[in-house]
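> Build me a model from this:
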Amino acid sequence: MTEKATARAHPIQGLVKYHGMRDETLRLPYHDSISLCTAPTATTTTVEWQPDASEDTYVIGGEDVEGRAAERIDNVVEHVRELAGVDAAVRLESENSFPSNIGFGSSSSGFAAA
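This next block holds a predicted model:
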């Protein structure tokens, strides 16, 4: 089985932000927030199940993702695996049309596209 999909999502900028998480693993906030979409900037992410690969691969902006960032992606991938009943390795490759990690909602568009 080789299945591949590409999605595009736009980052957001929080106007009224939540305070704290009610679920750290799923990244669910205690309170709602009010944000606005900052299109035309976007994140484009391609995810492909790779049954012949031995481990998951995450690439953002041409760089391999490791550490805490990879753990956050793992949480999403494991949840999808459980829902889909898939146990294959995955390759996730993501590219932003704007600079990452600038206090802008780049992770919001990255996770929405994933």
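> Buried residues, the helix or strand bottoming out on mean pLDDT in the chain. List them.
Using mean pLDDT, DSSP states H and E, strand 12-16 stands out as the lowest-scoring helix or strand of the chain, at a mean of 78. The neighbour-count criterion (16 or more other C-beta atoms under 10 Å) identifies residue 12 as the buried residues of strand 12-16. (Each C-beta comes from the backbone N, C-alpha and C, glycine too.)
> what sits up against that strand?
With C-beta atoms under 8 Å, 6 or more residues apart in numbering as the test, strand 12-16 has contacts from 33, 34, 35, 36, 37, 38, 104, 105, 108, 109.
> how about residue 80, what does it touch?
Residue 80 is in contact with residue 86, counting by C-beta under 8 Å, 6+ apart.
> what's the most distant pair in the contacts of strand 12-16?
Spanning the widest gap among those are 34 and 109, at 17.1 Å by C-beta to C-beta.
> who has more neighbours, these two?
residue 109 (28 against 10; other C-beta atoms under 10 Å).
> Next, work out how far apart that one and residue 43 are.
Separation of residue 109 from residue 43 (C-beta to C-beta, to the nearest Å): 4 Å.
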